[in-house]
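Novice: Dropping the sequence and predicted coords here.
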6 protein chains.
Amino acid sequence: MPRLDGRKNDELRKVNIKRNYIAYAEGSVLVEFGMTKIVCTASVDDKVPPFRKGTGEGWVTAEYSMLPRSTQVRNVRDISKLRINGRANEIQRLIGRSLRSVMDFKVLGERTIIIDCDVIQADGGTRTAAITGGFIALMDACSYLVDKKIITEIPIKDFVAAISSGQVNGQVMLDLCYEEDSNATVDMNVVMTDTGRLIEVQATGELSPFTRESMDSMLDIAEKGIKELISIQKSVLLEGFK
Amino acid sequence: MPRLDGRKNDELRKVNIKRNYIAYAEGSVLVEFGMTKIVCTASVDDKVPPFRKGTGEGWVTAEYSMLPRSTQVRNVRDISKLRINGRANEIQRLIGRSLRSVMDFKVLGERTIIIDCDVIQADGGTRTAAITGGFIALMDACSYLVDKKIITEIPIKDFVAAISSGQVNGQVMLDLCYEEDSNATVDMNVVMTDTGRLIEVQATGELSPFTRESMDSMLDIAEKGIKELISIQKSVLLEGFK
Amino acid sequence: MPRLDGRKNDELRKVNIKRNYIAYAEGSVLVEFGMTKIVCTASVDDKVPPFRKGTGEGWVTAEYSMLPRSTQVRNVRDISKLRINGRANEIQRLIGRSLRSVMDFKVLGERTIIIDCDVIQADGGTRTAAITGGFIALMDACSYLVDKKIITEIPIKDFVAAISSGQVNGQVMLDLCYEEDSNATVDMNVVMTDTGRLIEVQATGELSPFTRESMDSMLDIAEKGIKELISIQKSVLLEGFK
Amino acid sequence: MPRLDGRKNDELRKVNIKRNYIAYAEGSVLVEFGMTKIVCTASVDDKVPPFRKGTGEGWVTAEYSMLPRSTQVRNVRDISKLRINGRANEIQRLIGRSLRSVMDFKVLGERTIIIDCDVIQADGGTRTAAITGGFIALMDACSYLVDKKIITEIPIKDFVAAISSGQVNGQVMLDLCYEEDSNATVDMNVVMTDTGRLIEVQATGELSPFTRESMDSMLDIAEKGIKELISIQKSVLLEGFK
Amino acid sequence: MPRLDGRKNDELRKVNIKRNYIAYAEGSVLVEFGMTKIVCTASVDDKVPPFRKGTGEGWVTAEYSMLPRSTQVRNVRDISKLRINGRANEIQRLIGRSLRSVMDFKVLGERTIIIDCDVIQADGGTRTAAITGGFIALMDACSYLVDKKIITEIPIKDFVAAISSGQVNGQVMLDLCYEEDSNATVDMNVVMTDTGRLIEVQATGELSPFTRESMDSMLDIAEKGIKELISIQKSVLLEGFK
Amino acid sequence: MPRLDGRKNDELRKVNIKRNYIAYAEGSVLVEFGMTKIVCTASVDDKVPPFRKGTGEGWVTAEYSMLPRSTQVRNVRDISKLRINGRANEIQRLIGRSLRSVMDFKVLGERTIIIDCDVIQADGGTRTAAITGGFIALMDACSYLVDKKIITEIPIKDFVAAISSGQVNGQVMLDLCYEEDSNATVDMNVVMTDTGRLIEVQATGELSPFTRESMDSMLDIAEKGIKELISIQKSVLLEGFK
């Protein structure tokens, strides 16, 4: 049984990363994983959080939000409810951890790079697209700092990308779209570097507990997907070669 | 002395309105006035505000927000400050009034159309672009309701568009970009219908009070601009003719 | 057809401005436009907003709020809803712009004058009464600063007052009361200086778009009203001559 | 040693209660205790809190707030801090309890009367002035309900008024103004009925613990003051006899 | 008629104060008045409120909160309603005043001790248990500061404890449990020092106004109770003698 | 090199689960993992979230909060910042998913069980202790519903418990205390059922990416720990056998 859009189980959706999408940001992309579209910007700020002050080291943080009509049913804005969405909060913490894991904060120096991930259209996999695209925005913001001679070298130690996998109708699938995700009994998000080391693995089977074996299959397929994503990231950066 | 981008004083920036920009919304556009880019979606909701209940009449409301890095300096999100931005609030009230002015609410029936205007990139004139583009999203959402036989005819009585004008370096100019707007001594926003009637005129000269004569010149140039915008709206709708 | 209270179309309601209404404020008035009653106080603060720091220039800002039972139906307080009223926010921004337009901020020096406008009883025209009365409170606070030798001269360049006009039952009327305002097809608020220059013009015809001609008539009548208001402001200040 | 304003230790300040102060409210007064001025309105609402639903009994609640410049130093508004002032909250709970203590809620029926107490100018004793004046507003709102034949009799069982007393410079004084209150080692607020029964006694000696004897003296003087206040309330109501 | 739990009218419930209950706090107790259980911690902070800065004097403040299921019906958390509970706010202000009344702030120096009172299980009398137990936590935090040679002597001038009394079924009773409190026509909270001086007396008879005589009886019984509580505090501190 | 407290690498801390800790809750425990102490209560509510209405199925949700001084440095309360702590939000979502995974919601019927987890003292592993202890509170609340004949059988399909593991100084360790956790290069939280199936696996190596092999070792040791925890849960439930 083929997938909804005819993909093979271990096949990514079409991935597009358009650089320099916003004129003002130090780094910015429009990242698309199939119908999922996210604007990621990287903004350089001269301040650091209190726990970094005086350490000579910088910080990377992320914010994630969805436009009200990025989804099938309109979402009420956070500000109308006066509280940040719990899921969004969890996702932005994940994006932050993932991108920080490859930073050399001494090289960055005492400044913060803020990665804003605003979902324009959501069709599953927004957190993994945000990490994958956010990495390019982060890289471009770092290049900007090097170009401006504010720092001497790119403070990034490795590539990082993320993908989802899951079990749908008894099959292990890569990069679930919204409808697949809704029918998944288990879903997993994996964040990995170019050197094949894991940064974050989150597997959850609220509807159906899972075995170590199925976890391994989901990890295998995710590793394959992330290798492809990092290869795409590299092409995108080469193209630019600004 | 020519304008920054070589435009004539009474010339609009390049205007683009891309329909069906978001897959899920009943109506949606990406509207561009030069470098200003806004996603406008129209969402149909079966509920109406309390003051409309039982009247048989509908409502149109608008929300306006800017992505944090749509501007040269990053804006902190409303939710981080727990308060809606005062300027955004004023703008969304203006968008709502402007679009409601051309609605036939009896024909719409007891439902609300919410126009979300999310600024992706801001270079002046966001409120006027939001009204001009939001009108197309509203029209498409109404067409959707007619297509679905939920209502019998388009509940829109007239076209509506908006433009800014102002006095910069002693000259009256149309459709100010951000830098022109920052140097304007007076600025005006005008909302007008296809039949040439005014819906809203807001002129403000906080830095330099102005005369009736200069107000008239700004209105003249704005009327010319709005006629062009409505002509663009018509072409865009004809193209689509879905 | 005479007006509800027998006034002529171009006639103001009875205007009263009682100075030194609050014992503690540097400037304060009770301003009445007919049944509309507002307490305006001017408070001097030694701080300025961040964008003024180190410039040697001061600032004027305004806050506007209505007592819960200043209206026919009781309003829930902002704090109970944890959000500032959208209309109030728009009005306080207008009051601030209007009063700033006549200030010489270099003469004021790095300090802020806060104009608090608290509506005790509302019968239409609260924003124009607040600007007209707030100007006197501002003037008195400036006199206080001169008396205390904190500044050397009154940092006010011109008088400023505001009035509403509108179209009701096909007639152009000045200074609408609440019931007239509710029946107006178009309403306009005008802020003008003693030298006859405009600071702000806001005309809105949500229910019925309007022509340039009717806009001109409303402006004419408003200009007449503002001249009378400024004449009242002058008498009030002379009386005091403290 | 006479008091600041020449009063005797057991003498009230000049008390004024001006009825029908706000045109729209079912009951309203401007109450003055010396320089302390408060607008109290009583608004009738057809709803009751959840715990009263279906009981056939009504409710009385109070809200208390100070205009920003009712005090010597300007107060930031609650809405600017997004939190209700702790002291205000305590006071409005006291006003509510005090006024409820004399109500016959079966006679009132399932409706709520909201007492809004907005301090225009504060010179000590605002909570006691609010209770004393709020009682008259409540009485007038009840008369309104009887006049409109919504209820058959006034649902108030007794008069209630309140006053402060305290120890200042070793002397027991009645009705402290702000400066006396700031120098008091002990202060007490007493709420009492016309039949001489106590509703609330709050004595606090944060700066200097006190004895039973001094508490008794403060209570004695407060009882005397409350009897005078209730006598004033009666005259005020007779005057009106509308 | 004996009380619900067989106590005599002037008898305290079983009181337990377990010191050093939380490993990290400078002072901490679990205090139990019968089934009422509260964790009180005292945390030393090097900062003082703005009004203390540069005075050389310190401050004591308190926060009070109930676990959601400390009561018979689950309470929604404050953060879910975005507003602090009115009753909790009133109680924490009382706790703060009571503990400050026995402090020598010059000896404490410019630092703040925060008393957190978190109710684990509530059966009436939480505010009085919080004051009585909080005093021990405060004492232990002060001992900690002396032990660490941060201050030279315990900055506490007197013991302080608190108890409730009330009128239930026509009888005057001490230390009301929840069910008694619900049936009380009058209830009183008394805060007193070891030297027998009063710090705070709050008596309220919302449901039934009371006489001076019954107030005296309630005060008598409360004084007896507080003496016993202070005797318990002393034993508890001696035991520890760490 | 032994661990800080002399434990072996695969050894749990001392685990205590005290049932019926709070008198009012339908289920409640004090759970201790070494110095980590959490009060977990289970409260039955007759309402369900909107998406469950009319489905005949129930819901389980969780809330997690820390007392201000449960940690080495005092935390400001959420309500003082008007925003829920991001980490707490993430943890309560995990607790909810974990406990829901073993529920039979048809048997529970249209009611919600709320699990409140309030951390009294935190020394690492609070989320895993909350899940492990929360399960017992949930079980007791379900027994209560069966005892009261509100439901016919316990709607719980399996046992569930959780534990942390991690890599510290190059060694894989079970059930990290705070100091170990602070030094861990990778940490993992595992939620598992009695039948050995996984519900949630979260591994994060922000400071040091990790290999599949080390992930497998952490999972192995966690499985061993969870089996012991479920054995403890069973003894605890047998003891009670109320």
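Specialist: Arrived safely, thanks for sending.

Novice: who in chain A is up against chain F?
Specialist: Within chain A, the positions near chain F by C-beta under 8 Å from any C-beta of the partner chain are A:82-84, A:86-87, A:89-90, A:93, A:97, A:100-101, A:158, A:192-193, A:195, A:197-207, A:209-212, A:215, A:219. From N, CA and C alone the C-beta is placed, and that goes for glycine too.

Novice: Which of those residues fall in strands?
Specialist: The strands, defined by DSSP state E, take in A:192, A:193, A:198, A:199, A:200, A:201, A:202, A:203, A:204 from those.

Novice: Flag the shaky bits of chain A, pLDDT-wise.
Specialist: A:1, A:240-242 (pLDDT under 70).

Novice: and it, which residues reach chain B?
Specialist: Residues of chain A lying near chain B (C-beta under 8 Å from any C-beta): A:22-25, A:28, A:35, A:39, A:41, A:43, A:45, A:63, A:65, A:67-72, A:74, A:77-79, A:82-84, A:114, A:116, A:118, A:120-121, A:123.

Novice: hey, where'd the helices end up in chain A?
Specialist: Secondary structure of chain A by DSSP state H: the helices cover A:78-81, A:86-100, A:105-108, A:126-147, A:178-183, A:212-240.

Novice: count of neighbours near the residue of chain A at minimum distance from chain C?
Specialist: Residue of chain A nearest chain C, by C-beta to the nearest C-beta: residue A:82 (5.8 Å). Residues lying near residue A:82 (other C-beta atoms under 10 Å in any protein chain shown) number 18.

Novice: Then residue A:179?
Specialist: Neighbours of residue A:179 (other C-beta under 10 Å): 14.

Novice: For the residue lying closest to it once chain neighbours are set aside, give me its contacts.
Specialist: Sequence neighbours aside, residue A:4 is the residue nearest to residue A:179 in space, at 6.0 Å (criterion: C-beta to C-beta, 6 or more residues apart in numbering or on different chains). Residue A:4 is in contact with A:177, A:179, A:180, counting by C-beta atoms under 8 Å, 6 or more residues apart in numbering or on different chains.

Novice: Spell out for me which residue occupies the centre of chain A.
Specialist: In chain A, the residue lying closest to the centroid (C-alpha atoms, centre = their mean) is residue A:131, at 1.3 Å.

Novice: Please report the distance of the spatially closest residue to it that is not a sequence neighbour from residue A:141.
Specialist: Of all residues not flanking residue A:131 in the chain, residue A:162 sits nearest, at 4.0 Å (C-beta to C-beta, 6+ apart). Taking C-beta to C-beta, to the nearest Å as the measure, residue A:162 falls 19 Å from residue A:141.

Novice: In terms of neighbours, single out the busier of those two.
Specialist: Neighbour comparison, residue A:162 and residue A:141: the larger count goes to residue A:162, with 26 against 21 (by other C-beta under 10 Å).

Novice: Verify the contact between that one and residue A:193 for me.
Specialist: No. Assessed by C-beta atoms under 8 Å, residue A:162 is found out of contact with residue A:193, at 10.6 Å.

Novice: circling back: nearest to chain B among the contacts of residue A:4?
Specialist: residue A:177 (12.0 Å).

Novice: List the residues that contact the closest one.
Specialist: A:4, A:5, A:13, A:34, A:35, A:36, A:123, A:124, A:125.

Novice: Any of those buried? List them.
Specialist: A:13, A:34, A:35, A:36, A:123, A:124, A:125 (16 or more other C-beta atoms under 10 Å in any protein chain shown).

Novice: Contact partners for the second one?
Specialist: What it means is residue A:34. By C-beta under 8 Å, 6+ apart, the neighbours of residue A:34 are A:5, A:13, A:14, A:123, A:125, A:175, A:177.

Novice: From residue D:126, how far out is residue A:155?
Specialist: 59 Å.

Novice: returning to that earlier point: what's the closest of the buried ones among the contacts of residue A:177 to residue A:226?
Specialist: residue A:125 (12.5 Å; C-beta to C-beta).

Novice: Got phi/psi on that closest one?
Specialist: phi 70, psi 20 (degrees, to the nearest 10).

Novice: pretty sure it contacts residue A:36?
Specialist: Yes. In this structure, residue A:125 is within contact of residue A:36 by C-beta under 8 Å, at 5.5 Å.

Novice: shared neighbours of the two, which are they?
Specialist: A:13, A:177.

Novice: How about the contacts made by whichever residue of chain A sits closest to chain E?
Specialist: Going by C-beta to the nearest C-beta, chain E is nearest to residue A:82 of chain A, at 5.8 Å. By C-beta under 8 Å, 6+ apart, the contact set of residue A:82 is B:79, B:82, C:82, C:83, E:82, F:82.

Novice: so who does the fourth one touch?
Specialist: Right, residue C:83. A:82, B:83, B:84, D:79.

Novice: again with residue A:157
Specialist: Here residue A:157 is in contact with A:102, A:103, A:104 (C-beta under 8 Å, 6+ apart).

Novice: Try it again at 10 Å.
Specialist: Residue A:157 is in contact with A:101, A:102, A:103, A:104, A:107, A:193, A:194, A:195, F:209, counting by C-beta atoms under 10 Å, 6 or more residues apart in numbering or on different chains.

Novice: now do residue A:228
Specialist: Residue A:228 makes contacts with A:10, A:11, A:12, A:15, A:161, A:163, A:174, A:175, as judged by C-beta under 10 Å, 6+ apart.

Novice: How many residues are close by the last one?
Specialist: Just to be clear, that refers to residue A:175. 30.

Novice: Could you do the third one as well?
Specialist: Other residues near residue A:12 number 19, with proximity taken as other C-beta under 10 Å.

Novice: Contacts only, for the closest residue to it other than its chain neighbours.
Specialist: Spatial nearest neighbour of residue A:12, chain neighbours left out: residue A:175 (4.9 Å); criterion: C-beta to C-beta, 6+ apart. By C-beta under 10 Å, 6+ apart, the contact list for residue A:175 reads A:3, A:7, A:9-13, A:15, A:33-34, A:36, A:124-125, A:128-129, A:163-166, A:181, A:221-222, A:225, A:228-229.

Novice: I'd assumed residue A:104 was in contact with residue A:60.
Specialist: No. With contact defined as C-beta atoms under 10 Å, residue A:60 does not reach residue A:104; the gap is 11.1 Å.
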